[in-house]
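>>> after the sequence you'll find the predicted model.
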Amino acid sequence: MTIDSDDNLWVAIWGGSRIEKRCGKTGKLLDIIDIPAFHVSSCCFGDEDMGTLYITSSGDGLFGEYEECLFRCRTKETGAEPDFAVL
């Protein structure tokens, strides 16, 4: 799961072949990105402009050629800038 600059959640759906974009306040489904892999395992924004969503899939030997892959998807949204704290 990751968050964009508008506080929306982007959730990898394990066993669902998709990323769901959901409103961070209400949980309402805002968008779906279909992924050609069954077990979508994680997502995060990256690149210099934080406008690329990187998506991983997990492999367990059961679901075909898109297991254990890294996908990238340009979005209209941008990821939230990281806020680091030194502990």
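Good, I have the coordinates.
>>> who's in contact with the spatially most central residue of the chain?
What sits nearest the mean C-alpha location of the chain, by CA atoms, centre = their mean, is residue 43, with 3.1 Å. Contact analysis of residue 43 by CB atoms under 8 Å, 6 or more residues apart in numbering lists 1, 2, 10, 11, 12, 19, 53, 54, 55, 56. Using the backbone N, CA and C atoms, a C-beta is placed for each residue, glycine as well.
>>> and residue 68, by the same measure?
Taking CB under 8 Å, 6+ apart, we find residue 68 in contact with 57, 58, 59.
>>> isn't the second one right up against residue 67?
Right, residue 58. Yes. At 6.9 Å, residue 58 counts as touching residue 67 under the criterion of CB atoms under 8 Å.
>>> quick one: the strands in the protein?
Ranges of strands within the chain are 2-3, 9-13, 18-22, 29-34, 40-46, 52-57, 70-74, based on DSSP state E.
>>> put together JSON lines for those, with distance to residue 83 on each row.
Rendered in JSON lines, the data for the strands of the chain read as follows (distance: least, CB to CB, whole Å):
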{"stretch": "strand 2-3", "distance to residue 83": "11"}
{"stretch": "strand 9-13", "distance to residue 83": "17"}
{"stretch": "strand 18-22", "distance to residue 83": "21"}
{"stretch": "strand 29-34", "distance to residue 83": "23"}
{"stretch": "strand 40-46", "distance to residue 83": "14"}
{"stretch": "strand 52-57", "distance to residue 83": "19"}
{"stretch": "strand 70-74", "distance to residue 83": "24"}
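>>> turn the ones you listed into TSV, columns for mean pLDDT and distance to residue 80.
Formatted as TSV, these follow (pLDDT from 0 to 100; distance: least, CB to CB, whole Å):
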stretch	mean pLDDT	distance to residue 80
strand 2-3	95	5
strand 9-13	97	10
strand 18-22	98	13
strand 29-34	97	16
strand 40-46	95	8
strand 52-57	96	12
strand 70-74	96	17
